[in-house]
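Participant: Show me the folded form of this:
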Amino acid sequence: MRVVALGGAGDMGRVAARAACDFGFVEELIVADLDGEAAKRFAASLAPTARAVEVDVADGAALRQLFEGADVVLNTVGPFYRFGVPVLEAAIDSGCHYLDINDDWEPTLDMLAMSDRAEAAGVTAIVGMGASPGISNLLAVRAMRDLDRVDEVLTCWTIGGEDSLTGGDEEQAEENSGPSAAIVHWMHQCSGEIRIWDDGGFVDVRPVVARDIEVPFVGTGRGWSVGHPEAVTLPLTFPEIRHCVNLMSGPSQMMDVVVQLRDAIDAGELTVEQAAEFVSGVAPDELMAEADSAASAEIEFPPLFALVSGELDGSPRRMAATILGAPDGGMGGATGIPLAVALELLDSGVIDRRGVFAPEGAIEPDVFFEALAPYCRAPDEP
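Facilitator: From the prediction side, this is the model:
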């Protein structure tokens, strides 16, 4: 199998690329990145089957030339609201299977609408196969199965904290200048309007709205709404859901800053990129260090979980699902490893549907988590 790791020298891409190089079925891995020198350095650290290519994803002709003869594209180039659709179009035109970590809801809907086109080309595309979305979607499906009726599905990820998934690759961070695509994405989805599923239909609402949630065996804490694909893809797959939204949790003083940035962006006082520049210069630990005694007593949720409410045997029930351990490497590991696991499932034929799908539309949760488990550090491990 010939695999193109698009954005392969980036924080997320290098984790997926490194894992892919260990798969015996990968005969050639192409580390493709806008930063050609970084791609060369990283490819040189991998197996002899890896090589580097400099490419600008905004150049459609160059993408199609790169994808010619490839079997699978692993796309980690963000923000996806800019680059998701054109990269998928190039993959379909080239007859390449496609896996990405798309975390923007707007292009997710546009890409799902390309399913017939992909199916006609014999292409399988999984959109949003990272931590959130990705693991979170499949956790939600797993929790939903324990209820007779599902009313509400919440997916949630935690910012900051000892077990947070939001850390990065220090080696890659030294090579980066300016805010990461992940931070630009975050500011984009914390401003303007986001789409959620409410009362059985889509509605557009303002993000970063707080609500208290009760998580079994954890307690009651606060989450804040944020734009994400789970809120639009889970109801498309399971239309019986009445309400679906993605939440982020974290120290309240940090969320106060996010609210201020949201208001500044919406008022035209800051661009999304300027807000991302600000966030990149303020580490979550710095904000947490300023917490007062009340904030320090806040409930700390698991780093990634799904909370489902509904009915079982005629009585109201609430089910939660989380992972007991995550791949090492902070956000890079938690996002890049699920992408690599999906590549493995695609090669083995476990993923066999043709078209464009969210993770829950093409992947059996139990099979995925079994394949993910060897990469995860258990809670009691050093």
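
Participant: any weak-confidence spans in the protein?
Facilitator: Within the chain, the stretches with pLDDT under 70 are 160-177, 282-297, 378-382.

Participant: what residue of it is the furthest out?
Facilitator: Residue farthest from the centre of the chain, counting by CA atoms, centre = their mean, is Gly314 at 34.8 Å.

Participant: That residue and Arg145, how far apart?
Facilitator: Distance, Gly314 to Arg145, by CB to CB, to the nearest Å: 18 Å. Every C-beta, even on glycine, is put in place using the N, C-alpha and C of the backbone.

Participant: ok, now Phe67?
Facilitator: In terms of CB to CB, Phe67 sits 37 Å off from Arg145.

Participant: These two: which is more packed in?
Facilitator: Phe67 (26 against 13; other CB atoms under 10 Å).

Participant: Please, where are all the helices along the stretch 251-382 of the chain?
Facilitator: Counting by DSSP state H, counting those that start in this stretch, the segments of the stretch 251-382 of the chain that form helices are 252-266, 272-280, 284-289, 293-296, 330-348, 365-372.

Participant: Compare those and report which one is nearest to Tyr81.
Facilitator: helix 272-280 (9.8 Å; CB to CB).

Participant: From the contact counts, what lies against the closest one?
Facilitator: Contacts defined by 3 or more CB pairs under 8 Å, 6 or more residues apart in numbering; DSSP states H and E place helix 272-280 against helix 181-189, helix 252-266.

Participant: redo that, cut-off 6 Å
Facilitator: helix 181-189 (3 or more CB pairs under 6 Å, 6 or more residues apart in numbering; DSSP states H and E).

Participant: hmm, back to that, what would the helices of the stretch 251-382 of the chain look like in TSV with mean neighbour count and distance to Pro359?
Facilitator: As requested, the helices of the stretch 251-382 of the chain are exported to TSV (neighbours: other CB atoms under 10 Å; distance: least, CB to CB, whole Å):
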stretch	mean neighbour count	distance to Pro359
helix 252-266	17	27
helix 272-280	19	26
helix 284-289	14	27
helix 293-296	10	34
helix 330-348	25	8
helix 365-372	18	8
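
Participant: of these, which approaches Leu99 most closely?
Facilitator: helix 330-348 (5.1 Å).

Participant: can you list contacts of that closest one?
Facilitator: Applying CB atoms under 6 Å, 6 or more residues apart in numbering, the contact partners of helix 330-348 are 11-12, 15-16, 19-20, 25, 74, 99, 101, 126, 129-131, 134-135, 165-169, 326-327, 351, 371-372, 375.

Participant: residues near Thr220, how many?
Facilitator: 9.

Participant: same thing with Arg211?
Facilitator: 11.

Participant: Who does it form a beta bridge with?
Facilitator: For Arg211, the beta-bridge partners are Gly223 (DSSP bridges).

Participant: For stretch 273-281, output the C-alpha coordinates as PDB.
Facilitator: Output of stretch 273-281 as PDB, limited to C-alpha atoms (Å, rounded to 0.1, in the frame of the first residue of the first chain):
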ATOM      1  CA  GLU A 273      -6.300  34.500  13.500                       C
ATOM      2  CA  GLN A 274      -5.500  37.400  15.900                       C
ATOM      3  CA  ALA A 275      -7.500  35.600  18.700                       C
ATOM      4  CA  ALA A 276      -5.500  32.400  17.900                       C
ATOM      5  CA  GLU A 277      -2.300  34.400  18.200                       C
ATOM      6  CA  PHE A 278      -3.300  35.600  21.600                       C
ATOM      7  CA  VAL A 279      -4.300  32.100  22.800                       C
ATOM      8  CA  SER A 280      -1.000  30.700  21.500                       C
ATOM      9  CA  GLY A 281       0.800  33.100  23.800                       C
END
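
Participant: who's in contact with that stretch?
Facilitator: By CB under 6 Å, 6+ apart, stretch 273-281 touches 179, 183-184, 187, 261, 265.

Participant: do you know which of the helices of the stretch 251-382 of the chain lies nearest Phe238?
Facilitator: Using CB to CB, the helices of the stretch 251-382 of the chain put helix 365-372 closest to Phe238, at 12.9 Å.

Participant: and that closest one, what does it pack onto?
Facilitator: Using 3+ CB pairs under 6 Å, 6+ apart, helix 365-372 is in contact with helix 135-144.

Participant: Quick check: next helix or strand after the helix it packs on?
Facilitator: Downstream of helix 135-144, the next assigned helix or strand under DSSP states H and E is strand 149-158.

Participant: Now that following strand: buried residues?
Facilitator: 150, 152-158 (16 or more other CB atoms under 10 Å).

Participant: Which positions in stretch 194-209 come out as buried?
Facilitator: 194-198, 207-208.

Participant: Which members of these define the maximum pairwise distance?
Facilitator: Across those (CB to CB), the longest gap, 18.1 Å, separates Trp197 and Val208.

Participant: Quickly list what Pro327 is bridged to.
Facilitator: Cys376.

Participant: I'd like to know how many residues surround Ala143.
Facilitator: There are 24 residues near Ala143, going by other CB under 10 Å.

Participant: For it, give me its contacts.
Facilitator: Ala143 sits next to 306, 308, 319, 321 when contact means CB under 6 Å, 6+ apart.
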